[in-house]
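1. Sequence first, predicted model second:
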Amino acid sequence: MLTIMIATGTSFKTRGINERYPTPIFPLVDKPFIEHLIDFVIEQNVGSVEFVLSHLPEQIEKLLGDGSRWGTQFRFHLAKDPMRPYDVLKSARAKYGPSPILLAHADRFPQIDLGAWISRYHNDELVMFSCAETGASTETQATDSSAWTGWGLIPAAFLDDLPLGLDEQDIQERLSSAVKRGGQTVAVSRVLDFRTYKGILDAHKLVMSGQFENIALGGKEIQEGVRIERNVSIHSSASLKPPVFIGENSLIGKQTRLGPFAIIGRNCILDAHSSVLEAIVAPDSYVGEALEVQEAVIDKNRIVNVGSGSEICLSDNFILGGLAGKNARRKVEGLMSRSIGVALLLILSPLMLIVMFFLKVFRKGPTFFTTEVVSLPAPSDCALWVTFPLLSFLPRQGKTQVGQSNKRGAMEGAVELLLNFFPALINIARGDLRFVGLPPRTPEEIVALEEDWKALYLNGKLGVISEAFVRYGSHPSEEELYSAEAFYSIMGDPWYDFKLMTQYLGKTLFGWLSAKKH
């Protein structure tokens, strides 16, 4: 049996999220909706699967590949008109002959025992799966084409007289007429329907409450009804009320409230005092400080109120809340950091002069190196960025070479403390950066970041001591670096900065001295 899955990828009622996603790859809890469908279909041993695509087809093809991940073969067709994607049924009839077809729509998922129907299926029988709406009789459902789930078992004979250029309403009417002449309509109890925002939220609620039998969720259940994936960081003061799902690499800030029915996608950040209940936060999104989200879908800079159907699209790449208090706090912290920087610079100036003397005598080239880096926080428009010269006793390329030569442990701490931290005190005294924050970057380095990472970075503060160095050393991987910066964006406050500073000193000064004794 061949499966033809209509995945045109757009719906008039979800056109907002369709700017970023074709509907079938919007996540259903832990993975794209279409992957749940394919898992289900492949379990029924239906053979190969062919997809009809239209909106953002390259995203679906890239996600699914050639089908080898599922042990089968995928083929893709492109429909010029997403409203009339059914011409491929005729070509399938010509190619596969009398073989029946499982017709499925990739924005709906009926709860059916498909394997049982396939095992007793007759090649000349048409089976139409329809939704068992509350209060409707089975007889009504059998003749009501509007209740069709978009799924059906279609005999080859039905396709012989099928004209080209049909839309979904045309297909429904023809299937309903064929049922009256001798097919079957099978009522299903539940359908996950991604054609509307309400349908998307209701689908998540059904799955999270365990009322949809055909989907098994991934992740680890840390308590009843609370599932998390790998590399999730949850502040100890956060409150989780089941059911809750948190995707990989996500960070949940202090005194946040999640649930019931809070679904947080991968690579998400929930800032302090925010709350999410009966809501979906799509992957790579940021929920700002003290922002309350209820009965909504958040996708990056877009907030959809599911109850009213209204959509708000913010100008920034991340959804930001409560920034006024944060900016005032930053100004106070900046004055304190600058004052301490001036004091340390005066105290340590003799030691800095000794370091400068040795570098001048034993190393060729200049003593100081400067790199133009972007001052933070900064607007998203790169034309408005302000830069300043970051001072160091090492060239920027030289930092990479240290790591490449495997100078780890004590030597890494000595290099960091003497050649990077000491000269950066001048920048701290000027007010260019703080003691603790995100690592300084050049404009070119910021432009090269992924959009989500760039938005996160531009809203942060610079520091000579970074979470990434304390956790992973001078040369973290890209994943480690992003994870550390995202984590700091939530946890960063004066007390946490102080703890990072003590860990930094332990890693550099005391670790260096301890290594020398041995």
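-> Structure's in. What do you need?

2. helix/strand/coil for residue 426?
-> helix (DSSP: H, G, I helix; E, B strand; the rest coil).

3. mind checking pLDDT for it?
-> For residue 426, the pLDDT comes out at 92.

4. Does residue 447 touch residue 382 like I think?
-> Yes. Using C-beta atoms under 8 Å, residue 447 makes contact with residue 382 at a distance of 6.4 Å. Every residue, glycine included, has its C-beta placed from N, CA and C.

5. shared neighbours of the two, anything?
-> Shared contacts of residue 447 and residue 382 (C-beta atoms under 8 Å, 6 or more residues apart in numbering): none.

6. Mind jotting down where the helices sit in the stretch 301-450 of the chain?
-> Using DSSP state H, counting those that start in this stretch, the helices of the stretch 301-450 of the chain run over 323-362, 396-404, 409-414, 422-430, 443-447.

7. same question but for the stretch 151-300 of the chain, I mixed them up
-> Using DSSP H, counting those that start in this stretch, the helices assigned to the stretch 151-300 of the chain run over residues 156-160, 168-180, 197-208.

8. Out of those, the one nearest residue 13 is which?
-> Closest approach to residue 13 among the helices of the stretch 151-300 of the chain is made by helix 197-208 (7.0 Å; C-beta to C-beta).

9. can you name the farthest residue from the center of this protein?
-> In the chain, residue 361 marks the outermost C-alpha relative to the chain mean, sitting 51.5 Å out by C-alpha atoms, centre = their mean.

10. Look up how far residue 467 lies from that one.
-> As for residue 361, its distance to residue 467 is 36 Å (criterion: C-beta to C-beta, to the nearest Å).

11. cool, and residue 172?
-> Residue 172 sits 55 Å away from residue 467, taking C-beta to C-beta as the criterion.

12. So the two - more neighbours on which side?
-> Neighbour count, other C-beta atoms under 10 Å: between residue 172 and residue 467, residue 467 has more, with 27 against 20.

13. Can you report phi and psi for residue 93?
-> Here is the backbone geometry of residue 93 (degrees, to the nearest 10): phi -60, psi -40.

14. What score does the residue lying closest to it once chain neighbours are set aside have for pLDDT?
-> The shortest distance from residue 93 to any non-neighbouring residue, by C-beta to C-beta, 6 or more residues apart in numbering, is to residue 159 (4.1 Å). For residue 159, the model assigns a pLDDT of 85.

15. Check residue 352 too.
-> Predicted confidence (pLDDT) for residue 352: 88.

16. ok, it touching residue 423?
-> Yes. Applying C-beta under 8 Å, one finds residue 352 in contact with residue 423, separated by 7.4 Å.

17. The two - which one has more neighbours?
-> A count of neighbours by other C-beta under 10 Å puts residue 423 above the other of residue 352 and residue 423, at 22 against 16.

18. Pretty sure the more buried one sits against residue 366.
-> No. Applying C-beta under 8 Å, one finds residue 423 not in contact with residue 366, separated by 11.9 Å.

19. anything in contact with each of the two?
-> Counting by C-beta under 8 Å, 6+ apart, no residue touches both residue 423 and residue 366.

20. so where do the strands sit in the stretch 351-500 of the chain?
-> Secondary structure of the stretch 351-500 of the chain (DSSP state E, counting those that start in this stretch): strands located at 369-374, 387-392, 434-436, 463-465.

21. can you redo these as CSV with distance to residue 69, mean pLDDT and mean neighbour count?
-> As requested, the strands of the stretch 351-500 of the chain are exported to CSV (distance: least, C-beta to C-beta, whole Å; pLDDT from 0 to 100; neighbours: other C-beta atoms under 10 Å):
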stretch, distance to residue 69, mean pLDDT, mean neighbour count
strand 369-374, 41, 93, 18
strand 387-392, 45, 92, 18
strand 434-436, 43, 93, 24
strand 463-465, 42, 92, 25
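
22. With residue 443 as the reference, name the closest of these.
-> Closest to residue 443 of the strands of the stretch 351-500 of the chain is strand 369-374 (C-beta to C-beta; 5.7 Å).

23. orientation of that closest one relative to helix 422-430 in degrees?
-> Interaxial angle of strand 369-374 relative to helix 422-430 (axes from the mean of the first three to the mean of the last three C-alpha atoms, to 10 degrees): 40 degrees.

24. name the helices or strands packed onto strand 369-374?
-> Where contact means 3 or more C-beta pairs under 8 Å, 6 or more residues apart in numbering; DSSP states H and E, strand 369-374 is packed against strand 387-392, helix 396-404, helix 443-447.

25. Show me the protein divided up by domain.
-> Domain segmentation of the chain under automatic domain parsing yields 2-193, 218-313, 323-517.

26. Among those domains, show me which one is buried the most.
-> domain 218-313 (a mean of 20; mean count of other C-beta atoms under 10 Å).

27. can you pull the contacts of the residue nearest to residue 93?
-> So residue 159 contacts 89, 90, 92, 93, 101 (C-beta under 8 Å, 6+ apart).

28. rerun that using 10 Å as the cut-off
-> Applying C-beta atoms under 10 Å, 6 or more residues apart in numbering to residue 159 gives the contacts 86, 89, 90, 91, 92, 93, 94, 96, 100, 101.

29. same deal with residue 241?
-> Residues near residue 241 by C-beta under 10 Å, 6+ apart: 225, 226, 257, 258, 259, 260, 261, 262, 277.

30. Quick one: residues contacting the third one.
-> The neighbours of residue 257, taking C-beta under 10 Å, 6+ apart as the test, are 238, 239, 240, 241, 270, 273, 274, 275, 276, 277, 292.

31. quick one: it from residue 274, how far?
-> As judged by C-beta to C-beta, residue 257 and residue 274 stand 8 Å apart.

32. Show me the common contact partners of these two, please.
-> In contact with both residue 257 and residue 274: 238, 292, using C-beta under 10 Å, 6+ apart.

33. confidence score at the most centrally placed residue in the chain?
-> In the chain, the residue lying closest to the centroid (C-alpha atoms, centre = their mean) is residue 283, at 2.2 Å. Predicted confidence (pLDDT) for residue 283: 90.

34. quick one: it and residue 229 touch, right?
-> No. Contact criterion C-beta atoms under 10 Å: residue 283 and residue 229 do not qualify, at 11.3 Å.

35. hey, what's in contact with both of the two?
-> Common contacts of residue 283 and residue 229 (C-beta under 10 Å, 6+ apart): 247, 248, 249, 250, 264, 265, 266.

36. ok, the closest residue to residue 338 other than its chain neighbours to residue 462 distance?
-> Leaving aside its chain neighbours, residue 338 sits nearest to residue 431 (4.8 Å; criterion: C-beta to C-beta, 6+ apart). From residue 431 across to residue 462, the span is 11 Å (C-beta to C-beta).

37. ditto for residue 155
-> To residue 462, residue 155 is 67 Å away according to C-beta to C-beta.

38. circling back: same list (the contacts of residue 257) but as CSV, adding pLDDT and distance to residue 312.
-> Below are these laid out as CSV (pLDDT from 0 to 100; distance: C-beta to C-beta, whole Å):
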residue, pLDDT, distance to residue 312
238, 94, 26
239, 96, 26
240, 96, 27
241, 96, 26
270, 90, 19
273, 90, 21
274, 93, 16
275, 95, 18
276, 96, 16
277, 95, 19
292, 90, 14
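
39. So for residue 178, what's the nearest residue that isn't a sequence neighbour?
-> Per C-beta to C-beta, 6+ apart, closest to residue 178 is residue 126, 5.0 Å.

40. next one: phi and psi at that neighbour?
-> Main-chain dihedrals, residue 126, degrees, to the nearest 10: phi -110, psi 130.

41. That one contacts residue 157, doesn't it?
-> Yes. Counting by C-beta under 10 Å, residue 126 does reach residue 157; the two are 8.8 Å apart.
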